[in-house]
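>>> I'll drop the sequence and a predicted model, then ask my questions.
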Amino acid sequence: MINILFCGNDGVFDGILTSALSILKRTSTKEPFTFYIFTMDLPHLKESYISISDGKVAFLSDVVKDYNSENKVIKCDVTDLYMKHFSGCPNEGAYCSPYTLIRLFADLVNGIPDKLLYLDADILFNRDIRLLYKLSVEEVEYAAARDHYGKYLINPNYINAGVILFNMRRARETGLFEKARELIKTKKLVFADQSALIRSSAKRKVLPQKFNDQKFLHKSTVVRHFSKRLFWLPYPHTDNIKQWQVSRIHKTFGYYTFDDILYEYIYLKEKYDREINNK
């Protein structure tokens, strides 16, 4: 079993759908996948902070089962955990949203397996996921690649937390998540959960950039992460182009290698909308 964790609210479902499609389309294996989705409702903070609906989870489940009938999607509502641990904490107004914090509950949710690949919703796999998932993490708490900008501006081994291969057994033993949660509750951190994980690490493995490429797409790239990045032309500026913005992926990046994934996403998105409108 290959175990994947996504986190987010209803607004990132397009990202989860495209990411899952990229995994399924770029990986040739009979081994089934389990996709865990941590989500929650926090409308008291912002109207859009609502959990991914059961209907969307069921739709995603049907999609992944078309590739392998043993594939599963499991929704985990972590609202109560968030309210208990992080409500009103210094990092509630995190740089992205409170949903960046909820992967830190992985050790508290029942049924989470000993090996778990956490993925941000704004990634696409360019090559077989097993190139990443089958890496050994037996001697570490997790493995992650360097942050494209952080490795220059902060520390040469500063990692990006958008793609993390967790050894959950070791992380439970060392108290990685517990220590990270305590930091979130007590200290205002620049990059919130990412900073908390780095500071709480006892032992980690730093992976080659191809496992979390945040700026370029190479033939060797396994994961292309569509995070916010700096553009120099026509003037220096940042932009946050996501993979489900298909026309911008074509126009700005000139990427067409993901078209089989993105065109299936468009078809499925229209299919879902038709089903909802016909109810």
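It's in.
>>> Now the residue nearest the centre of the chain. Nearest residue, chain neighbours left out?
Central residue of the chain (C-alpha atoms, centre = their mean): Asp120, 1.8 Å from the mean position. Spatial nearest neighbour of Asp120, excluding adjacent residues (C-beta to C-beta, 6 or more residues apart in numbering): Gly162 at 3.8 Å. (C-beta placed from N, C-alpha, C; glycine too.)
>>> what about that neighbour, which helix or strand?
Using DSSP states H and E, Gly162 maps to strand 159-167.
>>> buried stuff in the following helix or strand past that strand?
As assigned by DSSP H and E, the chain's next helix or strand after strand 159-167 is helix 168-174. With burial defined by 16 or more other C-beta atoms under 10 Å, the residues of helix 168-174 counted as buried are Met168, Arg170, Ala171, Arg172, Thr174.
>>> Could you measure from the second one over to Glu138?
As for Arg170, its distance to Glu138 is 8 Å (criterion: C-beta to C-beta, to the nearest Å).
>>> likewise the last one?
Separation of Thr174 from Glu138 (C-beta to C-beta): 14 Å.
>>> Arg248 too?
To Glu138, Arg248 is 40 Å away according to C-beta to C-beta.
>>> Over to Tyr36?
22 Å.
>>> Repeat that for Leu21.
Taking C-beta to C-beta, one finds Leu21 at 30 Å from Glu138.
>>> Likewise for Lys187?
To Glu138, Lys187 is 31 Å away according to C-beta to C-beta.
>>> The two: which has the busier surroundings?
Set side by side, Lys187 and Glu138 show more neighbours around Lys187, with 13 against 8, by other C-beta atoms under 10 Å.
>>> so who does the closest residue in space to that one that isn't next to it in sequence touch?
Closest residue in space to Lys187, ignoring its immediate chain neighbours: Pro90 at 6.5 Å, by C-beta to C-beta, 6+ apart. By C-beta atoms under 8 Å, 6 or more residues apart in numbering, Pro90 lies in contact with Ile184, Lys185, Thr186, Lys187, Lys188, Leu189.
>>> Buried ones from those, can you make that a ChimeraX selection?
In ChimeraX syntax, the buried subset of the contacts of Pro90 is picked out as below (16+ other C-beta under 10 Å):
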select :184,189
